[in-house]
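Engineer: this one's sequence-less:
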């Protein structure tokens, strides 16, 4: 549970953490966010997350709410005041408060909200079981590379997964290629042992965990190929998994009910999970 | 200026009208809205707006925040307390407040925000001048028929128009057909005098003003054809115009710099504007 939330300059009790009804995040989804893991009280890969945040803001012409140094200070305070040893930090920046009108308002000050909460350590049994995913048409906009709060299609995809008793929904583009999950990147390992994931085009988010796993695969001598893959290819793959700040490296054992790799997590997936977990425990930093 | 805002059961001064940072409208764009015109202190076409609101909520499996009768009471109070004779009312419903997680939360109570503000009477000279529009690729999601607050692409399109010195941006789909503006439906009148507008498929919002204009055109004996049209067709049209709660019926006189219909508003557009304005002054109600 989050106890203290940073909202536009103040550290507030959770119950009174509020933003104005004319905040453009509320009326227009005109904002961006980051979710950062916390391990041993330290932010994991804060650098790459802040770099991506800066890119998202730039793509939308939203000003930085404060310097990276000041932002790191606020994030550290939020982690500390919520006594998070292991958990996640959520940070959101919007274009600010202005009378409702679509075009960018003149002189609005960006809003900044930062919160953090503890989460229990990952249960190793979860990864050992792996997860089921379903596939759904990707109905999102064409700039999924920007990490915006315009997440309604992701919400609907995740809910479809939940309704189907699955962990995630792989979104599939009009050409039949997998883009990504609702809150995670998608990967397969081909029968030839090649790790395949979609290139970071405008159709997916270039995940920080995605990049870490790519680096770890290279270190482990696993060949990585960035190219789109189809649902059929994923079903026929040796292994499949998802990556994300909260999903970490999650083996996929069934796609629309079809077992992948015999229906149990494969060795490469579990190796990458172990490597990723070890790296995160050290605070990340390879990037 | 809005003075009083209804927020979840309370009528608050504008400055303290706030929603929780974990309201799903803020973190996921998980909500819908309506904008309703006010004329002579009365809501115009409240019925069709509430019908559409109910449909939007149903499509997203968000519960109605209250009965239509109660909602009408709140809307009336907001108009009255803000002393709006002529203006607009803005109403937003979100899935409510819950700890951040993509899937629908259990037991969240929908949030309801209602505000209203006066706007000066439309300057007849504005419609007589008409407006410039630009064209931009439609990068939005595939369910634009639902009136959600997931409006970031609309914001970006409107800003592109503003940067180009234009009033609106016509969004164009992958096949080269116009979908709609960032906050208005798009229409042309062919050289043969036929009124053409895109059918209300999943690519556009089925505007309340759109329906009114369709009914008014029928009353005026103008033939209406619901079919997609291209940018080239629009540029070669006899007339073009936009419709929306705030745009009313706005003649388009240039598309990407190309004059339409000689570069001045045409007779059909001005006739429909006059008919629409007269109807709105009576509180709507034809629908």
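Structural biologist: Sure thing, it's come through. Keep in mind it's a predicted model, so treat the numbers as computed, not measured.
Engineer: can we go C-alpha only for contacts and neighbour counts from here?
Structural biologist: OK.
Engineer: and the strand or helix carrying residue A:234, which residues are buried?
Structural biologist: Secondary structure here is read from DSSP states H and E; on that basis residue A:234 sits in helix A:231-235. For helix A:231-235, the neighbour count (16 or more other Cα atoms under 10 Å in any protein chain shown) marks A:231, A:234-235 as buried.
Engineer: please apply the same query to stretch A:262-275.
Structural biologist: In terms of neighbour count (16+ other Cα under 10 Å), stretch A:262-275 has its buried residues at A:263-266, A:268-270, A:272-273, A:275.
Engineer: including pLDDT and distance to residue A:18, could these go into JSON lines?
Structural biologist: Converted to JSON lines, the buried residues of stretch A:262-275 look like this (pLDDT from 0 to 100; distance: Cα to Cα, whole Å):
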{"residue": "A:263", "pLDDT": "96", "distance to residue A:18": "45"}
{"residue": "A:264", "pLDDT": "96", "distance to residue A:18": "44"}
{"residue": "A:265", "pLDDT": "96", "distance to residue A:18": "42"}
{"residue": "A:266", "pLDDT": "95", "distance to residue A:18": "45"}
{"residue": "A:268", "pLDDT": "95", "distance to residue A:18": "44"}
{"residue": "A:269", "pLDDT": "95", "distance to residue A:18": "41"}
{"residue": "A:270", "pLDDT": "94", "distance to residue A:18": "41"}
{"residue": "A:272", "pLDDT": "95", "distance to residue A:18": "40"}
{"residue": "A:273", "pLDDT": "94", "distance to residue A:18": "37"}
{"residue": "A:275", "pLDDT": "93", "distance to residue A:18": "39"}
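Engineer: can those residues go into TSV with extra columns for secondary structure and distance to residue B:6?
Structural biologist: Supplementary listing: these in TSV, determined by DSSP: H, G, I helix; E, B strand; the rest coil; distance: Cα to Cα, whole Å:
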residue	secondary structure	distance to residue B:6
A:263	helix	53
A:264	coil	53
A:265	coil	52
A:266	coil	54
A:268	helix	55
A:269	helix	51
A:270	helix	52
A:272	helix	51
A:273	helix	49
A:275	helix	52
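Engineer: quick one, strands of the stretch 101-250 of chain A?
Structural biologist: Counting by DSSP state E, counting those that start in this stretch, one finds strands in the stretch 101-250 of chain A at the ranges A:111-118, A:131-137, A:168-172, A:185-189, A:195-197, A:224-226, A:239-244, A:248-255.
Engineer: make TSV out of those and add mean pLDDT and distance to residue A:160.
Structural biologist: Conversion of these to TSV gives the following (pLDDT from 0 to 100; distance: least, Cα to Cα, whole Å):
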stretch	mean pLDDT	distance to residue A:160
strand A:111-118	98	26
strand A:131-137	98	8
strand A:168-172	98	7
strand A:185-189	98	17
strand A:195-197	98	23
strand A:224-226	97	28
strand A:239-244	97	17
strand A:248-255	96	14
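Engineer: output the below-cut-off pLDDT ranges for the stretch 151-287 of chain A.
Structural biologist: Low-confidence segments of the stretch 151-287 of chain A, defined by pLDDT under 70, are located at A:283-287.
Engineer: and it, which residues reach chain B?
Structural biologist: Where proximity means Cα under 8 Å from any Cα of the partner chain, the interface of the stretch 151-287 of chain A facing chain B comprises A:151-156, A:158-159, A:162.
Engineer: regarding residue A:57, which helix or strand does it belong to?
Structural biologist: Residue A:57 belongs to helix A:46-59, assigned by DSSP H and E.
Engineer: ok, residue A:109 - how many residues close by?
Structural biologist: Neighbourhood size, residue A:109 [other Cα atoms under 10 Å in any protein chain shown]: 17.
Engineer: likewise residue A:123?
Structural biologist: The burial count assigned to residue A:123 is 8, neighbours taken as other Cα under 10 Å.
Engineer: what of residue A:174?
Structural biologist: Neighbour count of residue A:174, defined by other Cα under 10 Å: 9.
Engineer: cool, and residue A:1?
Structural biologist: The number of residues packed near residue A:1 is 12, by other Cα under 10 Å.
Engineer: now do residue A:90
Structural biologist: 18.
Engineer: so what pLDDT did it get?
Structural biologist: Per-residue confidence (pLDDT) for residue A:90: 98.
Engineer: try the one 3 residues further on
Structural biologist: Residue A:93 carries a pLDDT value of 98.
Engineer: quick one, what contacts it?
Structural biologist: Contacts for residue A:93 (Cα atoms under 8 Å, 6 or more residues apart in numbering or on different chains) come out as A:31-33, A:65, A:110-113.
Engineer: next, it: secondary structure please.
Structural biologist: Classification of residue A:93 into helix, strand or coil gives strand, according to DSSP: H, G, I helix; E, B strand; the rest coil.
Engineer: name the nearest residue to it, sequence neighbours excluded.
Structural biologist: Nearest residue to residue A:93, sequence neighbours excluded (Cα to Cα, 6 or more residues apart in numbering or on different chains): residue A:112, at 4.7 Å.
Engineer: what sits against the closest residue to residue A:160 other than its chain neighbours?
Structural biologist: Excluding its sequence neighbours, the residue lying closest to residue A:160 (Cα to Cα, 6+ apart) is residue A:169, at 7.3 Å. By Cα under 8 Å, 6+ apart, the contact list for residue A:169 reads A:133-136, A:157-158, A:160-161, A:181-182.
Engineer: coming back round to it: mind listing what's buried in the helix holding residue A:57?
Structural biologist: Within helix A:46-59, the residues that count as buried by 16+ other Cα under 10 Å are A:46-50, A:52-54, A:56-57.
Engineer: that one and chain B in contact?
Structural biologist: No - in this structure, helix A:46-59 remains apart from chain B according to Cα under 8 Å from any Cα; the gap is never smaller than 10.2 Å.
Engineer: show the subsequent helix or strand relative to that helix.
Structural biologist: helix A:68-81.
Engineer: check whether that following helix contacts chain B.
Structural biologist: No - using Cα under 8 Å from any Cα as the criterion, no contacts between helix A:68-81 and chain B are found, and the smallest distance is 14.8 Å.
Engineer: tilt between that helix and helix A:46-59?
Structural biologist: Counting by axes from the mean of the first three to the mean of the last three Cα atoms, to 10 degrees, helix A:68-81 points 120 degrees away from the direction of helix A:46-59.
Engineer: quick one: list the elements packing against helix A:68-81.
Structural biologist: In this structure, helix A:68-81 packs against strand A:4-7, strand A:111-118, with contacts taken as 3 or more Cα pairs under 8 Å, 6 or more residues apart in numbering or on different chains; DSSP states H and E.
Engineer: chain center to the next helix or strand after the first one, what's the gap?
Structural biologist: What it means is strand A:4-7. Tracing the chain past strand A:4-7, the next element assigned as helix or strand by DSSP H and E is strand A:10-13. Using Cα atoms, centre = their mean, to the nearest Å, we find the averaged C-alpha position of strand A:10-13 to lie 25 Å away from the chain's own average C-alpha position.
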